[in-house]
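Trainee: when you get a sec, could you give me coordinates for this:
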Amino acid sequence: MIDWTDPNTIGAILGSSVGLFGGIIGVWGACIGAFAPKGLHRGPLMFTGYMFAVLGVAISITGLVMLLNDAILALWLPLLLAGVNISILMLILTRVAKNRYAQAEERLMSAESLRRE
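Mentor: Predicted structure coming up:
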């Protein structure tokens, strides 16, 4: 059984979970960097970005509920901070990815018009 009153245990569990999620977001960012200039995989990557933002909001709400239920500081603070950071970061990054895909589509259209001439 996990002792949820021990800050060391909570720190280990939450730290590894948030770190793993950060690594997954890093892989998502690498995929955006590799595929967006070519215009590939727009749908799945944009959907995943928005789902990460929604997950960040859910993590924030979880931290806020724990705060309101008088949980210990080591439990609600990492969740609230990580959730807010993830949700804001993912909304900004999905907007940047959307712009990169628009630029790729613009380049494709201009190249297509040059081929026809």
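
Trainee: where along this structure do the helices fall?
Mentor: 7-35, 42-68, 73-116 (DSSP state H).

Trainee: mean confidence score for the shortest one?
Mentor: Per-residue pLDDT over helix 42-68 has a mean of 95.

Trainee: can I get the helices of the chain in a markdown table with mean neighbour count and distance to Met1?
Mentor: C-beta coordinates here come from the backbone N, C-alpha and C atoms, glycine included. As requested, these are exported to a markdown table (neighbours: other CB atoms under 10 Å; distance: least, CB to CB, whole Å):
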| stretch | mean neighbour count | distance to Met1 |
| --- | --- | --- |
| helix 7-35 | 14 | 11 |
| helix 42-68 | 16 | 19 |
| helix 73-116 | 15 | 16 |
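
Trainee: verify the stated contact: Leu93 with Ile32.
Mentor: Yes - Leu93 lies in contact with Ile32 (CB atoms under 8 Å); the separation is 7.4 Å.

Trainee: between the two, what contacts are shared?
Mentor: Gly49 (CB atoms under 8 Å, 6 or more residues apart in numbering).

Trainee: number of nearby residues for Asp70?
Mentor: 7 (other CB atoms under 10 Å).

Trainee: give me phi/psi at it?
Mentor: Per-residue torsions, Asp70: phi 60, psi 40 (degrees, to the nearest 10).

Trainee: distance of it from Trp76?
Mentor: 9 Å (CB to CB, to the nearest Å).

Trainee: same deal with Arg116?
Mentor: 60 Å.

Trainee: which residue is the nearest non-sequential neighbour of Ile32?
Mentor: Excluding the flanking residues, the one nearest Ile32 by CB to CB, 6 or more residues apart in numbering is Ala97, at 4.7 Å.

Trainee: my read: the one you found touches Pro44, true?
Mentor: No - Ala97 is beyond contact range of Pro44, at 11.7 Å (criterion: CB under 8 Å).
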